[in-house]
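>>> Here is a sequence together with a model predicted from it:
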Amino acid sequence: MTSGTISAQITDYANRADPYPLYAELRKTPVRREDDGTYLVSTYHEVRSLANDPRLSNDTRNRPPGLARTAEAEETGLPPSFIFTDPPLHDRLRNTINRPFGPPHSPRFLDDLRGELAEVVTELLDSFEGKDQVDIVDDFAYPLPVTAICKVLGVPREDEPRFHGWADALASSLDPQAGEEGRKKGQQARQDLGAYLSDLIETKRRHPGPGILSALAPDMTPEDLEATAVLLLVAGHETTVNAITNTTLTLLRRPDVLDRFRKDPDLAVPLIEEVLRYEPPVQFVPWTTALADIDVADTTIPKGSPVWLMLAAANRDPQRFRDPDRFVPDREDNEHLGFYTGIHYCFGAPLARIELYLAVPELFRRVKMSRLLEDPPPYRANAVLRGPRHLPVAIEGLTD
């Protein structure tokens, strides 16, 4: 096994626009030990196996002493949300939260949001009227998911703007290279959001209304419910922003695929799934820890070792996907890891897919985008939740 600091290159902002050559290099050693004792796992079957292995812990309290944790582990007075727990606690929390969110208990909850979200998409696109350029992130991809998650939670519409800053600070703090300042900003955002949610949850207890906070208030402690809402904001917002923006960027770079997509709207589902493979919004999972010695790919990961599961590298593994570095809009057998796998499979994936299937076809149906104004665009600082910070494009009109 080789050692080195390829993780530092992956998290280096200089490589944010195109980390894929680094992932290709990484796959040459499917399980690689870094100098600090972290193990990077980069091939598809090995990532999938470990993501489903109960000997790999998501609980950041199991991280080795002195190793940076996520913003979830900061001393904010709240427990970690369910994504940063292991069974049986994880299963109890996730099953409780799922009851008002989706099937089998609430089969129509998400479907009933489609009409409201479609109206939001229309309003955002209407605002492009009279402009010759727009920023796909600030003007479209960023506002839609925060509105969606606020509707899911039951947040009043007038409070939605406050969630933008909180979501950005929280997402940035998850970057392994966030530094002390980034972690402090994330901690402050989590505290401010927690205080807001504490008041909102108490209001929902006394006066139940729409949204899952009202439904969950009788079954969860205020602290667990606050932690869950914080998680849903980050997971339900930042990842969807990146998915919409990465899809737009990918299509604008490929006029032939875009032309085919405009002529065949039914291509939307396989095309978006291919983007989730090709440019996944979550690049890797950097917070897992081995609870026992784990043998994988002729390597033993020792008990107590931090492990990074490199989803984006696995999604381009030629042992799993034919011609993986080529974007194939109607790719078959596309069981990608864009939403992870196992018990920690993305809780918000059904909502994210609804937003993507509503937003992307309508964006390209109504807006004639002539060219990218900056390529590569500036990217967010976060290496984990990777996506453009801005995506300026020139437009030539808007259809009804």
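Sure, I can see it.
>>> which helices and strands sit right next to the worst-scoring helix or strand of the chain on mean pLDDT?
When each helix and strand of the chain is scored by mean pLDDT, DSSP states H and E, helix 160-173 comes last, with a mean of 76. Counting contacts by 3 or more Cβ pairs under 8 Å, 6 or more residues apart in numbering; DSSP states H and E, helix 160-173 packs against helix 143-153, helix 179-206, helix 222-252. C-beta here means a position set from N, CA and C on the backbone, and glycine is covered the same way.
>>> could the ones you listed go into CSV alongside mean pLDDT?
Putting the helices and strands packed on helix 160-173 into CSV (pLDDT from 0 to 100) gives the following:
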stretch, mean pLDDT
helix 143-153, 90
helix 179-206, 85
helix 222-252, 89
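>>> So for N15, which of those helices sits nearest?
N15 sits nearest to helix 222-252 of all the helices and strands packed on helix 160-173, at 16.3 Å, using Cβ to Cβ.
>>> Could you list the buried residues of the closest one?
224-252 (16 or more other Cβ atoms under 10 Å).
>>> cool, stretch 41-54 as well?
V41, S42, T43, Y44, E46, V47, R48, S49, L50, A51, D53.
>>> Ok, stretch 251-268 next?
With the criterion 16+ other Cβ under 10 Å, stretch 251-268 contains buried residues L251, L252, V257, L258, F261, L267, A268.
>>> The residue lying closest to the second one once chain neighbours are set aside: how many residues sit nearby?
I take that to be L252. Distances taken as Cβ to Cβ, 6 or more residues apart in numbering place L372 nearest to L252, at 5.3 Å, with adjacent residues excluded. Other residues lying near L372 total 17 when counted by other Cβ atoms under 10 Å.
>>> again with R114
Applying other Cβ under 10 Å, I find that R114 has 13 neighbouring residues.
>>> That one and A148, how far apart?
10 Å (Cβ to Cβ, to the nearest Å).
>>> and if you look at A290?
36 Å.
>>> Show me the two of the buried residues of stretch 41-54 that sit farthest apart.
It's S42 and D53 that sit farthest apart of the buried residues of stretch 41-54, by Cβ to Cβ, at 16.0 Å.
>>> give me the low-pLDDT residue ranges for the protein?
Scanning the chain for pLDDT under 70 picks out 1-4, 66-78, 171-172, 174-178.
>>> any idea where the strands of it begin and end?
Assigned by DSSP state E, the strands in the chain fall at 31-33, 39-41, 56-57, 133-135, 285-290, 294-296, 299-301, 306-309, 367-372, 392-398.
>>> same for the third one, what does it pack against?
When contacts are defined as 3+ Cβ pairs under 8 Å, 6+ apart, strand 56-57 packs onto strand 285-290.
>>> Now do the buried residues in the strand it packs on.
By neighbour count on 16+ other Cβ under 10 Å, the buried set for strand 285-290 is V285, P286, W287, T288, T289, A290.
>>> got the residues you listed as JSON lines, with distance to C346 columns?
JSON lines is the format used below for those (distance: Cβ to Cβ, whole Å):
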{"residue": "V285", "distance to C346": "11"}
{"residue": "P286", "distance to C346": "16"}
{"residue": "W287", "distance to C346": "15"}
{"residue": "T288", "distance to C346": "15"}
{"residue": "T289", "distance to C346": "20"}
{"residue": "A290", "distance to C346": "23"}
